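J.: Sequence and predicted structure below; questions after.
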Amino acid sequence: MSKLILLRHGQSQWNLENRFTGWIDIPLTEQGIAEAKSAGEKIKAQGIKLDIAFTSVLARAIDTLTYCLETAEQTTLPTIKDQALNERHYGDLQGLDKAETAKQYGDAQVKIWRRSYDVPPPNGESLKDTAARTLPYYYDQIVPVLKQGKNVIISAHGNSLRAIVMILDKLDEKQILELNIPNGVPIVYDIDSEGNPSSKTEL
């Protein structure tokens, strides 16, 4: 049995400012740093010994992982970075204030972009598009490690992690849209030798 920890990055400056972030590199806030350290404390308290880390190429996920592992006293982990784990690309909306965007395009249209499964914003990705790059990477690169009995942490983003949770929790397209993954809260799955989850716990 191996453990898989999913960790959404701590609060970023644009989370705080209610802006669409996407692939823009935005630093963590002080709260975000504290959330990352708290995640590390929880992992340490559970006595979970990690073997390998995966993260996106965006600074907020990388920095969250760094603070988390420093606090958990597991800083020598091999770490693999790949843009397959990046946040959903918000295209023309990146950097825009969410309230201002609603005024510009209308509440209904912005809700469709944010909360539909397969409708992307202009020049951006839908959740379906995000899953189409995240899940092959998960199956090809991460599941084989889990099947070896190794403990894995993935530090990534709300939407790339939702894509993974969708298949782990067997959620449909409507259910996944209602799921919110909190910043800085480790979600721990026990994974069997076939790569399937047997239990799930939020720390």
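T.: Alright, I've got the coordinates.
J.: Pull the contacting residues for Leu168.
T.: By CB atoms under 8 Å, 6 or more residues apart in numbering, the contact list for Leu168 reads Tyr189, Pro197, Lys200. Glycine gets a C-beta too; all of them are placed from N, C-alpha and C.
J.: helices and strands around the strand or helix carrying the first one, which ones?
T.: In other words, Tyr189. In the assignment (DSSP states H and E), Tyr189 maps to strand 187-191. Using 3 or more CB pairs under 8 Å, 6 or more residues apart in numbering; DSSP states H and E, the elements in contact with strand 187-191 are strand 2-8, strand 197-202.
J.: in its sheet, what does the first one sit against?
T.: It refers to strand 2-8. strand 152-156 (parallel), strand 187-191 (antiparallel) (DSSP bridges).
J.: ok, Glu70 - how many residues close by?
T.: Glu70: 13 surrounding residues under other CB atoms under 10 Å.
J.: Can you give me the buried ones in the strand holding Tyr189?
T.: Residues of strand 187-191 classed as buried by neighbour count (16 or more other CB atoms under 10 Å): Ile187, Val188, Tyr189, Ile191.
J.: Distance-wise, check the residue nearest the centre of the chain relative to Ile181.
T.: For the chain, the residue sitting closest to the mean C-alpha position, by CA atoms, centre = their mean, is His157 at 2.8 Å. As judged by CB to CB, to the nearest Å, His157 and Ile181 stand 9 Å apart.
J.: Find residues that contact each of the two.
T.: Shared contacts of His157 and Ile181 (CB under 8 Å, 6+ apart): Arg8.
J.: that older thread, touching, the residue nearest to the centre of the chain and Ala59? I think so.
T.: No - using CB atoms under 8 Å as the test, His157 is too far from Ala59 to be in contact (11.8 Å).
J.: quick one: the helices in the chain?
T.: With DSSP state H, the ranges of helices along the chain come out as 13-16, 30-46, 59-72, 98-105, 107-115, 127-137, 143-147, 158-168, 173-178.
J.: Including distance to Leu4 and mean pLDDT, could these go into a markdown table?
T.: Below are the helices of the chain laid out as a markdown table (distance: least, CB to CB, whole Å; pLDDT from 0 to 100):
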| stretch | distance to Leu4 | mean pLDDT |
| --- | --- | --- |
| helix 13-16 | 24 | 95 |
| helix 30-46 | 12 | 98 |
| helix 59-72 | 15 | 98 |
| helix 98-105 | 31 | 92 |
| helix 107-115 | 27 | 90 |
| helix 127-137 | 14 | 97 |
| helix 143-147 | 6 | 97 |
| helix 158-168 | 8 | 96 |
| helix 173-178 | 18 | 90 |
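J.: So Ser56 sits against Thr79, correct?
T.: No - judged on CB under 8 Å, Ser56 makes no contact with Thr79 at a distance of 11.4 Å.
J.: Enumerate every residue touching Tyr67.
T.: Tyr67 neighbours (CB under 8 Å, 6+ apart): Gly10, Ile33, Ala36, Lys37, Gly40.
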